[in-house]
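*Asks:* here are the coordinates; sequence isn't available:
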């Protein structure tokens, strides 16, 4: 029971990170109908920016609590701003010139951009993994298991709390943004019918650019959280995280924001429980199999609208 | 949206026609030129400078944490070093580059988002392509002798490169059946390449069979895997199909990586037998090929032989593809690519059509894989990553979907170009001893993918000959076909 609870907490944390990345996929897919293959690498870029910023600020676990909180907020802000410029640039250079072209072209440039980002970071920052000393340590003990050896302790670390709280806050903010603001309305309009939206005075190019900005900003949050939580990053983390986040977006129903979050949490839980109870080596196989099974039996995902095929 | 609403509300209170008047006035005030006047080209220096400054600002933001700063593992955690010189140079290059581009290339305020098709040019290129095919074939047949004659010092290196390019040509042609003809977007093609390589390696190791026996077996096994992986994804299309095939590719790689007892895990399989020639191997001894033919032994013979094997296999792939296109099954593939619903309503069994496309493509992938295994003599899961699939798909799409000669051109450009970077040692004299050009190979590869795609979204050879005609043969322009869209 204690073991289960601990895995549940770990899974929810991991799932929150996937969910944040998945939102970027789902928004972009919803609005221009393409898999932004480079999004996973945008996440990786975000985590590298956060790493550099943390080293610049020089905070360690020994710093006082207010300083750590301020530093994390500042790092988040900087990472979001800088990473969103990356997201904007990728869209501007690789996707916008191909808008209205045939469908495979942006997919190829997206794969190309993904290769470019990975290798750019590898060339400029080195191929070795970057370890970061943990900054937020400690946590609260929820349950102390009984038994002879003291049993398993169920712990909720402060970092996990930060991740889950940040994710919930961002999700709420984002849902409001999409539901209430003119920008969100423009986005939904472009999603439904870009041509009609542009006839009605919505600047489609600008809306799409803003979508990429927002997706990249969320990916930067995910990257920062990943860095703080795991403490180790390299230039290749974006690929796997990206594929899993896309799986999450598909599982939840592509185009749906709550679906992306739900899918992220499910993928995180599946992966954690699989490694906890079966085998660590095959946890990615589990995640990928889920993707295949969901797409085959439930192509519109859990919360997505079924796609109507018109002749 | 909000503005449009307020205008509509206000118009209720005004006489008819006021709305139009107001619109005209607003256009005049906001500086939007009336439609009859030609659009003013703002190619002025001022605008160009502003644009270049913006680009430089973006570059500065992008590069700040990557070019300006660098984190290194030092004693007691990460340490920071700064490279402001590099950072400033990069920003200056972007500024100058954008300014020049803006002044001399892009005259419009923003780059055009619709690329115009150039049918005349494409037709000329295809006409050239018709001559290019036989020309390339003759060149390919004579290539080893040319190399031995022209570059006796570096023959091994060039032959190796040619073998590598031909392997990708074969993979590209194999994938072209799935993506180019049947329109099924496959991002996990490397899985079949891996299945072929591992089948050959394992059969050779466990049963002691030679290359020529294993080759068809590997092809068959890969085709079976094509059926197994193709079956679940029959209902999927477009991007979803792409992502599921990607997942399958990764699953196969992870299984190869973790199934130690069977595949050797990350250590891979070594000691894979070399191909033999009529039962003789290329050794120095009495029973070697050199002794049999009565020529002095040279280690290059084996490479020449490997070259002809892969050339033959690639040409076989091409031949089979060209013949299949004339058979009902090939026609069905192309019909499926153009419109699946129409295809089904005309009574074509789409299940069989898709599965045969997957199986045929997979078979050639598997054969190429077993060639790869025998050439390397060693295989490990490292060689079958997603990047490999991406490169093969890039070759097919960059060459122009469905175009056989396009695949050749794209392979030569991408693979040959990338490998050439290994030889750019002279750059070290310019940029200093710390400069390693091979580091930039994949970076340049990725950039080339993006640039070629933006330049020619339909690929290098974008027009196709129809496979069935009524009266006369006509080329179909790229804008007329919906190739490979998967719907």
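*Replies:* Okay, I see it. It should be emphasised that the depicted structure is a prediction, and the values quoted were computed from it without experimental measurement. Numbers count the residues shown, from 1 in each chain, chains lettered A, B, ... in the order given.
*Asks:* What residues sit buried inside stretch B:137-150?
*Replies:* B:140, B:143-144, B:147 (16 or more other C-beta atoms under 10 Å in any protein chain shown). C-betas here are computed from N, CA, C, even on glycine.
*Asks:* and which of the residues you listed is nearest to chain A?
*Replies:* Nearest to chain A among the buried residues of stretch B:137-150: residue B:140, at 26.7 Å, using C-beta to the nearest C-beta.
*Asks:* in what helix or strand does the closest one lie?
*Replies:* Per DSSP states H and E, residue B:140 falls inside helix B:119-150.
*Asks:* any idea which helix or strand comes after that helix?
*Replies:* Proceeding N to C from helix B:119-150, the next assigned helix or strand is helix B:155-175, under DSSP H and E.
*Asks:* Strands of the stretch 251-400 of chain B, residue ranges please.
*Replies:* Taking DSSP state E, counting those that start in this stretch as the criterion, the stretch 251-400 of chain B contains strands spanning B:269-270, B:378-379.
*Asks:* Determine which stretch of those is the most buried.
*Replies:* Of the strands of the stretch 251-400 of chain B, the one with the most neighbours on average (mean count of other C-beta atoms under 10 Å in any protein chain shown) is strand B:378-379, at a mean of 20.
*Asks:* The residue nearest to the spatial centre of chain B: what's it in contact with?
*Replies:* Nearest to the mean C-alpha position of chain B, by C-alpha atoms, centre = their mean, lies residue B:394 at 1.5 Å. When contacts are counted by C-beta atoms under 8 Å, 6 or more residues apart in numbering or on different chains, residue B:394 is found next to A:108, A:111-112, B:410, B:414, B:449.
*Asks:* ditto for residue A:74
*Replies:* Neighbours of residue A:74 in contact, by C-beta under 8 Å, 6+ apart: A:53, A:57.
*Asks:* Can you verify it is assigned to a helix?
*Replies:* Yes: counting by DSSP: H, G, I helix; E, B strand; the rest coil, residue A:74 is found in a helix.
*Asks:* That one and residue A:54, how far apart?
*Replies:* Distance, residue A:74 to residue A:54, by C-beta to C-beta, to the nearest Å: 10 Å.
*Asks:* Over to residue A:258?
*Replies:* Distance from residue A:258 to residue A:54, by C-beta to C-beta: 31 Å.
*Asks:* who has more neighbours, these two?
*Replies:* With neighbours defined as other C-beta atoms under 10 Å in any protein chain shown, residue A:258 and residue A:54 compare such that residue A:54 has more, 24 against 16.
*Asks:* that older thread, which one, of the strands of the stretch 251-400 of chain B, ends up nearest to residue B:461?
*Replies:* Closest approach to residue B:461 among those is made by strand B:378-379 (32.7 Å; C-beta to C-beta).
*Asks:* Can you list the neighbours in contact with that closest one?
*Replies:* Here strand B:378-379 has contacts from B:197-198, B:201, B:268-272, B:372-373, using C-beta under 8 Å, 6+ apart.
*Asks:* Likewise for stretch A:124-143?
*Replies:* A:2, A:5, A:48, A:51, A:54, A:59-61, A:68, A:71-72, A:153-162, A:227-228, A:231-235, B:66-67, B:70-73, B:77-78.
*Asks:* Tell me the residues on the stretch 201-350 of chain B that lie near chain A, please.
*Replies:* Listed as neighbours of chain A in the stretch 201-350 of chain B under the rule C-beta under 8 Å from any C-beta of the partner chain: B:232-233, B:235-236, B:238-240, B:242-244, B:246-248, B:250-251, B:254-255, B:257-258, B:341.
*Asks:* let's see it at 10 Å
*Replies:* Within the stretch 201-350 of chain B, the residues that sit near chain A (C-beta under 10 Å from any C-beta of the partner chain) are B:229, B:231-255, B:257-260, B:265, B:339-342, B:345.
*Asks:* List buried residues within the residues you listed.
*Replies:* So, by 16+ other C-beta under 10 Å, the buried ones in these are B:229, B:233, B:236-255, B:257-258, B:339-340.
*Asks:* can you tell me which residues contact residue 301?
*Replies:* Unless you meant another one, I'm taking chain A. Residue A:301 is in contact with A:26, A:248-256, A:259-260, A:262-263, A:294-295, counting by C-beta atoms under 10 Å, 6 or more residues apart in numbering or on different chains.
*Asks:* that's the wrong chain, I wanted chain B
*Replies:* So, once contact is read as C-beta under 10 Å, 6+ apart, residue B:301 ends up touching B:144, B:277, B:282, B:288-290, B:293, B:295.
*Asks:* same thing with residue B:197?
*Replies:* Residues in contact with residue B:197 (C-beta under 10 Å, 6+ apart) are B:218, B:222, B:256, B:268-269, B:272, B:365-366, B:368-374, B:376, B:379-380, B:383-384.
*Asks:* Between helix B:155-175 and the strand or helix carrying it, find me the angle.
*Replies:* Using DSSP H and E, residue B:197 maps to helix B:190-207. Interaxial angle of helix B:190-207 relative to helix B:155-175 (axes from the mean of the first three to the mean of the last three C-alpha atoms, to 10 degrees): 120 degrees.
*Asks:* Report the mean per-residue pLDDT for helix B:190-207.
*Replies:* Here helix B:190-207 scores 91 as its mean pLDDT.
*Asks:* Kindly report the same for stretch A:132-148.
*Replies:* 74.
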